[in-house]
Structures are given as C-alpha cells and as structure tokens.
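A.B. asks: Structure for this input, please:
(2 chains)
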Amino acid sequence: MTKRRPAEMLSRLSFAPAFLAALLLAGGLAAIFYEETLYDAQTQQEAMVQANILAASVSAPLFFDDAATAEKYVAALAENPEILSAAVYNDKGQIFATFVRPGADPVPPSVSPGTLAYEAGMLTVTAPIIEAGKQIGIVYVRMGNEPLGRRLLRYGGLIGLITLGVLVIAIIGVAQRALSQQAQQLREANQQLQVEMEQRSRTEHALRQAQKMEAIGQLSGGIAHDFNNLITIAKGSLRGMLRRLPHPQTDIERYVKGLTDALDRAAILTQRILAFARQQPLTPRPVDLSQLITEMDQLLQHSVGSQVTIQLRLQPEAWTICDVNQMENVILNLAINARDAMPEGGQLTMETKVVSVAAGATDLAPGEYVELLVSDTGAGMSEEVRQKAVDPFFTTKPVGQGTGLGLSVAFGYVRQSNGQLLIDSTPGKGTTIRILMPTHLSETTA
Amino acid sequence: MAFLGRRAAFRAAGKLLTVFIMLRSEFGFAASFPAPALAPAIKATFVYKFAPFIMWPPSVFPAPDTPLTICVVGDDPVARLIDEAAAGQRIDGRSILVRHLERMERTTPCHELYAADSSAQTAAQAFAAVEGLPVLTISDTASSAARGMIAFVVDGDRVRFDIEDDVAAASGLSLNSRLLSLGRRVTGRGR
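C.D. replies: Numbering: from 1, shown residues only, chains lettered A, B, ... in the order given. Purely as a prediction, here's the structure:
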C-alpha cells in the first residue's frame, strides 16, 4: 500500500470542484432538455386540445352551413399568439372557414384527419369534426415555435441557478487551489528554515571550534614564544660555558652536548607550537599543489612503506598560494598519519581538484578553492576522536610515538594560509582529510 | 322482419346518397352565390339536422334504435323536400321517419313537427295541437305567420332561424347552447 502524501491528496481534491461543476452543468442541461421535451409534449397536447375545441365549436355552424359563425370561432384563435393559421374543411374537403396570421403560410387546400406533424419548427394538428355521430369535416391548426425570448425567459431561472452553482463551485475550487498553494509555500518555507537552522548550528559549532583553537593557539603561542627566548638564552649560556671550559674536558663536553641537543629538540617543539598558533613567519608563493605532490612521490612512498600503496589522482594546474616547505610538511604528516592508521597495510589516495565552495558550506568565503583529499583505508575515527583530532597534544598513538601536534600544526598552517581543514571519517572504513586552499590563477600572476 | 326492413332501408339510403351529395354540393354553392331557389332545400335539411341539438325527455325514445319521427303538416316548398333531405340520414344511430299528416292530433307520436298552412289545418292549429308536449315545432316565416319554436328566416342571402327557447323549455325540451348560438334571434335566453 502506498502512502499518499498530503500534497498529492490536495492536488487530487482540487479536481473535485471541476468535476462537480461539470456534473451540475450536465445536470442542468439535462433538466433543460427534459423540460424542453416535456414542453414539446405539452405543446402537442395543447395543439390537439385547441383543434378539438375548435372542432367542437365549429361543428354546429358547419352542420348548419353557417360560415360566418364558423369564421368567428376560427378567428377567435388569433388570441393565442402561437397559432399561425387554422382552417375548417367540410365533409367534401373544401375550406369552410380560415384564419391566417399576417405573414404566415396559407392553409393547405386539403387535409386528412388525425395529423400530428412537426415541420420546420411548426406543429400541424388536424382533428375530425363529429356531429350526430358522423364526421362532417376536419379542423386544421398550425402552431409556430415559441419565440426565443420567451423560451429563454422560461429557462432563465434555471440557467441563473446553474450559473450561480457553477460560480460558487469555481470560487471554492480557486480558494482550495490558493489554499493548497499556500500550504505548499509554507512547507517549502519550513524546509528552508530547517536547512538554515542546520547550517547555523554547523556554523556555530565551527565557530566554537575556531574560537577554542584560537584560544589554545594564543595561549600556547605565548608560552612557546617566551619559552623559545628562554631556550635561546640557555643555548647561548651553554655556548659561553663551552668556550670557557679548559681543554680537553670530554666528560663535561658530552653533558653539554646532550643538553644542547635537548634544547634543540625543545626549540623544534616550540616552532611547531608556534606553527599551530599561526605565529610562525611564512613565506607564501604560488605553487601547483599537484606538481608539489608529484615531486614528493618518492619521499611519500618511502615514508609510508611497502605495505601501503599510494594512488594519486591529481588535476593539473592546481595552483594555490602558500609556504611550500610547510605544505610539504603537512602532506608528509598526513601520509604518516595515514600509514599509522593502516598497520596492516592499505591504500593511500591523494587527490587534487579545483572546486567551488558555496556560501555557508564552510566558514570560507564563497568561491573557487583547490581541494586536497588525503584518504586512507584504515581504522577510521569515532566521532569523539574526530572532534578532538586537531586539538594540540591530542593523540591516539602510544606514549612516545606521537606528539599530538601533527594535525594541529597542519590545521594551524592551513588556517594561516586562508584555507580550511576538514575531517571525514567512518570507523572501520577509513579517514579523509580534506584541505581547501585558496586558488591562484598561475605562477605568473603572483 | 324488422331486421330485413332495416336492411332494405339501408339499400334505399345507398341509392339516395348520390342525390344527397348533389344536394350538399349545391349548398356549398349557396354559401357563395345567393340563390333563393335553394332556400327551401336548405331549410328542409335543417329540419332533421336540429335533432342532435335537442334533448328530449327519455320517455319519447323508449329504445336506442327508436327512429326519430318528423311529422309534416301542410304543403309548402320545405314540406315537399323534407323526405328527400332526410332520406338515408341517421342521427346518432337513429333512422329518420318522416310522416306527412293531414292534420296534427295531440295523440300523434312525433319528435319534430314542421307545419305549414293547409286547407285542413293551419300551422297555428297544428302547433296548438301539441302545445306543452315534447315536440320540436318548426315553421317557415316565408310561408306561414305562425311561429314554431324554430322559425326559418332568410337573412340577406343566408338561411337562418329564430329560436323561442322559453317555449321549448316549457314543452320539456332542452336546446343545446351550440344551436342557440347559431340562432338569429333567441328568446328566453338567460333563464
């Protein structure tokens, strides 16, 4: 059983008034037709009655050869406007008395009794004249059509009523149609409202996320900056200490060397934090992202190992503007994350294309963007993990294997380059990192 | 025997039909061309033609086939033509019997009486004989001064008649209004 949608039902219903109107019209016409038939029968009856009355009234004058009196009776029919002509014939078939309305056809020279005929809209009736048990003659009566005006007047009421009925139904139909249109509009408006509400909630969520990242970035950036200065001071002090050491002091040198290495690592860490906090200096220049990935092919394959196959779907001329070194870092980082998500091996797909982004789809300005998709066929992430994935120091890797800064740095860098980083993931199916970068027409237009 | 007699009357009627038709066609002629010579013949046919418009008391027609009896007294052109005119005619299924009488007696059974003056009896005497009886009395103003209930007159070129409806009513006769409407002059109407 199919479930009928309300809209369908409404459109079905709007046929009902048209059907009703047609029914009423047909009924009215049928009534008029029936009335007309009835009227014709009545006219016939009336004509026959007229003829019989005339026959009865002229029988005595005809019997006594009183043509003058017979003429009087026949002429009396002039009172009925529908009678065009009338005549009395004697038993030898000769005309005894006649009445012919001006303009009407003359009466026929002879007739036979018992005639009832329609001819050119005129009704002809004859009746025998009986006196003393014998037929002594024939009367002839011809009636014309009722004038159109009178006929219309007769049906005026009915026609008016039908017209009124059809009008009422038409109005109801129009009103119903308007109502169903309104309902449709309302439904559409409601749908649009819902879509907008969803968009708004997404945007709000994105805004909250952005604000969170901003706050973390500022905080960690500030700390990293000061920390970097402290590292610089510490490293300078160590260098001074080394210079002043009496030679050879290999033991101390070894300790100092370890300290310097640790400080270098700390410096790299602070650099990364600064990168996430978008506070590192970038040197953007136009770059073809497809070209860049092609050049990195060997390095990527080497990084992900032999268990993972790399598939590239690159659209030529994917020009964007960004810091090339940082972009390389991001791509490498994403490849390594993908590898880590596929310990049993799998496929890594890198895809570039130019897409147009509509207003409201992301928090980016609408327009054309270069899209980089990095997909793996790995473990995927839960929604909870996905939402925290770009948070600094968040990692699902065992302690010591990841800093929890890879995606954060990528996110910070992409945001700093006026782009966007989005994560699609289905647990058990894999993850797609989607990076949108502003397009740049070509190298020369920079 | 009565049956055979009727058959014979029918045959006689057939023979006389031709004569009658000729007579009728002459009537049609009379309507458009004044011919005073035809007036008696027209009056003679009228005599029996009055019958369908008269209502007699039921007692004077004991049987459905009781003939209509027309008594004729006296001798004038109309009296002479009545036999001829009525020959073979039937009024509402009744045959017509014309009796020529020397004198009209009160006991003579008649439905209609046409009277003209004669040496034996004047029209007035004949009418007096049946006064009060349900007998339709007819006279012709052209040949007698006495007037029956119906009296023929010639009006212009047309044969017409005056009717004394009150006299007829007093005699127990009822005259049909359609006949009265044809009368030139009708007395006693609106009783």
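A.B. asks: Pull out the buried positions in stretch A:155-165.
C.D. replies: Residues A:Tyr155, A:Ile162, A:Gly165 are the ones in stretch A:155-165 that count as buried (16 or more other Cβ atoms under 10 Å in any protein chain shown). Placement of C-beta: from N, CA and C, glycine included.
A.B. asks: could you dump those to JSON lines with pLDDT?
C.D. replies: Listed next are these as JSON lines, based on pLDDT from 0 to 100:
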{"residue": "A:Tyr155", "pLDDT": "81"}
{"residue": "A:Ile162", "pLDDT": "87"}
{"residue": "A:Gly165", "pLDDT": "87"}
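A.B. asks: among those, which are in helices?
C.D. replies: Counting by DSSP state H, these place A:Tyr155, A:Ile162, A:Gly165 in helices.
A.B. asks: how about the residues of chain A near chain B?
C.D. replies: Residues of chain A lying close to chain B by Cβ under 8 Å from any Cβ of the partner chain are A:57, A:59-61, A:63-69, A:90-92, A:94, A:131-134.
A.B. asks: one step back: identify, from the ones in helices among the buried residues of stretch A:155-165, the entry nearest to B:Lys43.
C.D. replies: Of all those, B:Lys43 sits closest to A:Tyr155, with 57.1 Å by Cβ to Cβ.
A.B. asks: Show me where chain B dips below the pLDDT cut-off.
C.D. replies: Low-confidence segments of chain B (pLDDT under 70): B:1-36, B:189-191.
A.B. asks: can you give me the strands for it?
C.D. replies: Along chain B, the stretches classed as strands by DSSP state E are B:54-55, B:68-73, B:90-91, B:94-101, B:112-115, B:136-140, B:150-155, B:158-164, B:174-175, B:185-187.
A.B. asks: out of those, which comes closest to A:Gln298?
C.D. replies: Ranked by Cβ to Cβ, the member of these that lies closest to A:Gln298 is strand B:90-91, at 143.4 Å.
A.B. asks: ok, back up a step: including mean neighbour count and distance to A:Asp105, could the strands of chain B go into TSV?
C.D. replies: Shown next, in TSV, are the strands of chain B (neighbours: other Cβ atoms under 10 Å in any protein chain shown; distance: least, Cβ to Cβ, whole Å):
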stretch	mean neighbour count	distance to A:Asp105
strand B:54-55	16	41
strand B:68-73	24	43
strand B:90-91	20	38
strand B:94-101	18	42
strand B:112-115	28	44
strand B:136-140	28	43
strand B:150-155	20	34
strand B:158-164	21	30
strand B:174-175	18	39
strand B:185-187	15	38
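A.B. asks: Please convert those strands to TSV, extending it with distance to chain A.
C.D. replies: TSV is the format used below for the strands of chain B (distance: least, Cβ to the nearest Cβ, whole Å):
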stretch	distance to chain A
strand B:54-55	11
strand B:68-73	10
strand B:90-91	5
strand B:94-101	9
strand B:112-115	14
strand B:136-140	13
strand B:150-155	10
strand B:158-164	7
strand B:174-175	11
strand B:185-187	13
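A.B. asks: In a markdown table: those, plus distance to A:Leu274.
C.D. replies: Output for the strands of chain B, formatted as a markdown table (distance: least, Cβ to Cβ, whole Å):
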| stretch | distance to A:Leu274 |
| --- | --- |
| strand B:54-55 | 144 |
| strand B:68-73 | 151 |
| strand B:90-91 | 147 |
| strand B:94-101 | 148 |
| strand B:112-115 | 154 |
| strand B:136-140 | 152 |
| strand B:150-155 | 148 |
| strand B:158-164 | 146 |
| strand B:174-175 | 144 |
| strand B:185-187 | 145 |
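A.B. asks: so which of those strands comes closest to A:Leu441?
C.D. replies: The nearest among those, by Cβ to Cβ, is strand B:158-164 at 126.6 Å.
A.B. asks: Can you name every helix or strand that that closest one contacts?
C.D. replies: Judged by 3 or more Cβ pairs under 8 Å, 6 or more residues apart in numbering or on different chains; DSSP states H and E, strand B:158-164 is in contact with helix B:39-49, strand B:150-155, strand B:185-187.
A.B. asks: Can you tell me what sits against it?
C.D. replies: A:65-66, A:68, B:39, B:42-43, B:46, B:141, B:147-154, B:175, B:179-180, B:182-188 (Cβ atoms under 8 Å, 6 or more residues apart in numbering or on different chains).
A.B. asks: send the alpha carbons of that strand over as PDB?
C.D. replies: Taking Å, rounded to 0.1, in the frame of the first residue of the first chain, the C-alpha atoms of strand B:158-164 are listed here in PDB:
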ATOM      1  CA  ARG B 158     -78.300  33.100 -45.700                       C
ATOM      2  CA  VAL B 159     -80.900  30.800 -44.300                       C
ATOM      3  CA  ARG B 160     -81.100  31.400 -40.600                       C
ATOM      4  CA  PHE B 161     -83.600  30.700 -37.800                       C
ATOM      5  CA  ASP B 162     -85.100  32.300 -34.800                       C
ATOM      6  CA  ILE B 163     -85.500  30.300 -31.600                       C
ATOM      7  CA  GLU B 164     -88.000  30.500 -28.900                       C
END
